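Colleague: Sequence first, then the predicted structure:
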There are 2 protein chains.
Amino acid sequence: MKKSKRPNSNLENPRKNTSGPTASVDAILEAIAQRTRLPEGEEAVRRILREIYRHGRIGTKDLAYATRLPVPVVAAVRRELEKIGLITRRAGAILTSEGKEYVKSVLGLSINESLVCPVCSGKTIIVKDQFRSIVEKLEEYAKLRPRPYTWLDQAFGTPETAVLRALFMLEEGDVEGRRIIFLGDDDLTSIATGLLRASRKITVIDIDERLLEVINEASEREDINIECICHDLRQPLPDGLKKYYDVVFTDPPYTIQGMKLFVSRGIEALRKRKCASVYLSFAHKPPEEMLSLQAAINEMGLFIRELIPRFNRYEGAEMFANTTFLAKLETTETTHPSIIGPFQGKIYTGEVSPTIRTYKCKCGYTVDVGMGKKFRTIEDLKAHGCPRCGRKKGFRITKKII
Amino acid sequence: MKKSKRPNSNLENPRKNTSGPTASVDAILEAIAQRTRLPEGEEAVRRILREIYRHGRIGTKDLAYATRLPVPVVAAVRRELEKIGLITRRAGAILTSEGKEYVKSVLGLSINESLVCPVCSGKTIIVKDQFRSIVEKLEEYAKLRPRPYTWLDQAFGTPETAVLRALFMLEEGDVEGRRIIFLGDDDLTSIATGLLRASRKITVIDIDERLLEVINEASEREDINIECICHDLRQPLPDGLKKYYDVVFTDPPYTIQGMKLFVSRGIEALRKRKCASVYLSFAHKPPEEMLSLQAAINEMGLFIRELIPRFNRYEGAEMFANTTFLAKLETTETTHPSIIGPFQGKIYTGEVSPTIRTYKCKCGYTVDVGMGKKFRTIEDLKAHGCPRCGRKKGFRITKKII
């Protein structure tokens, strides 16, 4: 561990604050950020150290959730921090005594508790008792879902997430008496919304017939009349669905084009293009992508009324730390679709960044994973198991080919 | 009350949903929106009716808070709703039996409770016991504040707001070990932040010497070493403050130019222009302005990491319903100030929209209020009292001259 840049005496006594720029205290953070090629830079390393400090002991998945960083990124940084002796692993990452000294004297950390509301976990709304039965029903229907098609960027939201989304829309006045269209619904949010029994109309469009069967079954069993339409949104919206809905909900493929396409179709579905709500779930992307995403939202004449990080949780889906944000967008007089007519471009993450990753099994066998390979995703590999020894977990990434 | 468009039988039985567009159910909402020239259109009228329904009985200020609409707008809509018999006033607005029938059968409302987290009120964080004493101290210092200069768009945040802001930044990792600059601080957020005793440096720039005196006094009494600089941000940032800070906090004048100017100065104050946080408080503006605001944020290469409506509460300040949103913006590699050097343009709301309003006192006397008049704002008029009878409240707006 480099010690040269360590204790900054200003921290001990805040009155000694100097006013000109001082030497950077971030040499270690910077070095790790560079070594792991983090688009979030040293701030991400700092965030990881801070969450380990605050939690005392934390597993990689929880660390990814807390920092909003992808699991592989967190794992890579964690390894680097281990190498230089700031952290160690004992059923989770913990700070070494050197690490503790570092976060206190160099990073200036001193408060190790969470200030997030313990009741709603920062999600702003809660599932009151009278809606608990809806979560239970969702849990049953969620079991009927088939294995996700990860090449369609499917990742199944938890039953609680579906209900919280429905309640959030309800709170915002977008359920009662409303016509709602779900553009893609592998999370079954339409069922949670239907179970509130307050909407005028609920329609789901999805490319995956298997999911529509689950939604259809729930709809019939619960008598909630959800209209299911199997349709590839790269094709224009069927005419009957245009200019009819009050509210749009979508958790699109996590690419800029995917968002633009799904939201554009949503705009065409709206009865009026002013003061209508478009609910968008999307991954916490690196800064430059977040900027492009919001520029694209803006260009369509939509603004962000509310944005709640980590609102959605998913089963599996390690690549984006099992969590995404929920944004409530609102339309204005200038709102317009940015994509009209058939769309030929790439929308799924596997198409846009056809990354090939090489995973090594504990038995020593290596497997290439990605578009065009036998296993398109690590989830596929895990489901199938190592082709040599059959192990279903413990794969470690060894290299990445873009 | 028009009854022609009333009960929609689809609501009673969701299975009867039709699929083509049906006749608009919004004739009443639309008429009122037009009569009151609401930029939010019929949706705002619907929101007002919904909040009255949910609360049972609600005063105009609370209604403005709940709907995020300015108090005069809410008051105007309320009067129209009274005229057509949907609501009546009895220590607050309540629905008449016709009104109840209307919101249920036409608007489809049926759930009259709030789903917002009762512990944090949707603010995502809470003031834990160990920070309660900071709120108490802020309450004392807030008493030292002079009367707000409303022509500088001053509106004093509540002590709780100041502490919640400081805790929100703390939770986001932006207090401990950080150098923080406050661009304008009539809300005394710098004192709340200083009392956490965890930052490396706190600087406040304000144009109002009176406020800096309050902050200075608190800083000395509490030994928290806040640097206070009296400076008009229309002039460039002093060189010593450039490229030095990790975090920016601002609650600027609520005009696009005001936001651009303050945030631009903030960007120049940042040590590095990537993954740094810029906290922005701003009024809930009508849709087109929200869009322009976010376009301006985007053009500076900033994106919205989180946006919490109604986070901030203010004393007085009826024009924006006593509440504004808090956004956490983050910088990217392309972040840059949109205003460099001295700025000659208009930034205060009074300059940008020099509205003259005529108020009528209960005694019958009428007074013009606005820039260039004896009373620049309704708050000034109330503080002084009616020039004829001396009454300090009960003024009613009679006309608006733009």
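Modeller: Looks like it came in fine.
Colleague: List of residues touching stretch A:228-239?
Modeller: Applying C-beta atoms under 8 Å, 6 or more residues apart in numbering or on different chains, the external contacts of stretch A:228-239 come out as A:183-184, A:203-209, A:212, A:215-216, A:219, A:241, A:261-262, A:265, A:268-269, A:340-344, A:347. Heads up, the C-betas are built off the backbone N, CA and C, glycines and all.
Colleague: Go through it and flag the buried ones.
Modeller: A:228, A:231, A:233, A:236-237 (16 or more other C-beta atoms under 10 Å in any protein chain shown).
Colleague: Inside strands: which ones of the residues you listed?
Modeller: Counting by DSSP state E, the buried residues of stretch A:228-239 place A:Cys228 in strands.
Colleague: Please convert the buried residues of stretch A:228-239 to CSV, extending it with pLDDT.
Modeller: Formatted as CSV, the buried residues of stretch A:228-239 follow (pLDDT from 0 to 100):
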residue, pLDDT
A:Cys228, 97
A:His231, 97
A:Leu233, 96
A:Pro236, 96
A:Leu237, 96
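Colleague: Helices of the stretch 51-200 of chain A, start to end?
Modeller: A:60-67, A:71-83, A:97-101, A:132-143, A:159-171, A:189-194 (DSSP state H, counting those that start in this stretch).
Colleague: wait, which of those helices is closest to B:Lys100?
Modeller: Nearest to B:Lys100 among the helices of the stretch 51-200 of chain A is helix A:159-171 (19.2 Å), distances taken as C-beta to C-beta.
Colleague: Next, the buried residues of the closest one.
Modeller: Within helix A:159-171, the residues that qualify as buried are A:159-171, counting by 16+ other C-beta under 10 Å.
Colleague: Tell me which residues are up against it.
Modeller: Contacts for helix A:159-171 (C-beta under 8 Å, 6+ apart): A:123-125, A:127, A:131, A:134-135, A:138-139, A:141-142, A:157, A:175-176, A:180, A:187-189, A:191-193, A:195-196, A:198, A:247, A:249, A:277, A:279, A:281, A:311-314, A:326, A:328, B:111, B:114-116.
Colleague: State the number of residues packed around A:Pro309.
Modeller: 20 (other C-beta atoms under 10 Å in any protein chain shown).
Colleague: I misspoke; the intended subject was A:Val103.
Modeller: Around A:Val103 there are 24 residues (other C-beta under 10 Å).
Colleague: Equivalent analysis for the one 5 residues further on, please.
Modeller: Other residues within reach of A:Gly108, judged by other C-beta under 10 Å, total 18.
Colleague: Tell me which residue is most central in chain A.
Modeller: A:Thr324 (2.4 Å; C-alpha atoms, centre = their mean).
Colleague: And the pLDDT at it?
Modeller: pLDDT, A:Thr324: 94.
Colleague: Write out the residues of the stretch 51-200 of chain A neighbouring chain B.
Modeller: A:106-111, A:113-120, A:122-126, A:128, A:167-168, A:170-171, A:173, A:176-178, A:196-200 (C-beta under 8 Å from any C-beta of the partner chain).
Colleague: Buried subset of those as a PyMOL selection?
Modeller: Buried members of these, defined by 16+ other C-beta under 10 Å, are picked up in PyMOL with:
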select buried, chain A and resi 106+107+108+109+111+114+115+116+117+120+122+123+124+125+126+167+168+170+171+173+176+177+178+196+198+199+200
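Colleague: What is the burial count for the closest residue to chain B within the stretch 251-400 of chain A?
Modeller: Evaluated by C-beta to the nearest C-beta, the stretch 251-400 of chain A has A:Cys275 as its residue closest to chain B, separated by 3.8 Å. Each residue near A:Cys275 was counted by other C-beta under 10 Å, and the total is 22.
Colleague: which residues does it contact?
Modeller: Applying C-beta under 8 Å, 6+ apart to A:Cys275 gives the contacts A:330-332, B:40-44, B:287.
Colleague: 10 Å instead, please
Modeller: Residues near A:Cys275 by C-beta atoms under 10 Å, 6 or more residues apart in numbering or on different chains: A:330-333, A:335, B:33, B:38-44, B:46-47, B:286-287.
Colleague: Please list only the buried members of those.
Modeller: Buried members of the contacts of A:Cys275, scored by 16+ other C-beta under 10 Å, are A:330-332, A:335, B:33, B:38-44, B:46-47, B:286-287.
Colleague: Of these, just say which sits nearest to A:Ile256.
Modeller: Minimum distance to A:Ile256 across the buried ones among the contacts of A:Cys275 is 17.9 Å, recorded for A:Thr335 (C-beta to C-beta).
Colleague: Grab the nearest non-local neighbour of the closest one.
Modeller: Residue nearest to A:Thr335 in three dimensions, not counting chain neighbours: A:Gly301, with 3.7 Å by C-beta to C-beta, 6 or more residues apart in numbering or on different chains.
Colleague: Doesn't A:Tyr279 belong to a helix?
Modeller: No. Using DSSP: H, G, I helix; E, B strand; the rest coil, the secondary structure at A:Tyr279 is strand, not a helix.
Colleague: Could you give the number of residues near the nearest residue to it once chain neighbours are set aside?
Modeller: Sequence neighbours aside, A:Phe249 is the residue nearest to A:Tyr279 in space, at 4.5 Å (criterion: C-beta to C-beta, 6+ apart). Around A:Phe249 there are 28 other residues, counting by other C-beta under 10 Å.
Colleague: Each with direction, which strands does the helix or strand in which A:Phe249 is found pair with?
Modeller: Using DSSP states H and E, A:Phe249 falls within strand A:247-250. Partners of strand A:247-250 in the sheet, by DSSP bridges, are strand A:179-183 (parallel), strand A:277-283 (parallel).
Colleague: how far off helix A:159-171 does the first one point, in degrees?
Modeller: Interaxial angle of strand A:179-183 relative to helix A:159-171 (axes from the mean of the first three to the mean of the last three C-alpha atoms, to 10 degrees): 140 degrees.
Colleague: got any ranges where the stretch 101-250 of chain A has weak pLDDT?
Modeller: Applying pLDDT under 70 to the stretch 101-250 of chain A picks out no residues at all.
Colleague: 80 instead?
Modeller: Scanning the stretch 101-250 of chain A for pLDDT under 80 picks out A:150-152, A:154.
Colleague: do the same with the stretch 301-402 of chain A
Modeller: Across the stretch 301-402 of chain A, the ranges flagged by pLDDT under 80 are A:316-321, A:350-357, A:370-374, A:376-377, A:379, A:397-402.
Colleague: where exactly do the strands run in it?
Modeller: Assigned by DSSP state E, counting those that start in this stretch, the strands in the stretch 301-402 of chain A fall at A:302-313, A:323-331, A:356-360, A:366-369, A:396-401.
Colleague: Now go through the buried ones among the contacts of A:Cys275 and say which are in helices.
Modeller: Among those, the members found in helices (DSSP state H) are B:33, B:42-44, B:46-47, B:287.
Colleague: possible to save those as TSV with distance to A:Ala27?
Modeller: Output for these, formatted as TSV (distance: C-beta to C-beta, whole Å):
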residue	distance to A:Ala27
B:Ala33	59
B:Glu42	58
B:Glu43	53
B:Ala44	53
B:Arg46	56
B:Arg47	52
B:Pro287	47
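Colleague: From those residues, pick the one nearest A:Glu51.
Modeller: Distances from A:Glu51 to these, taken by C-beta to C-beta, are shortest for B:Pro287, at 37.1 Å.
Colleague: contacting residues for the residue nearest to that closest one when sequence neighbours are not counted?
Modeller: Spatial nearest neighbour of B:Pro287, excluding adjacent residues (C-beta to C-beta, 6+ apart): A:Thr332 at 4.3 Å. Neighbouring residues of A:Thr332 by C-beta under 10 Å, 6+ apart: A:273-276, A:300-303, B:39, B:286-292.
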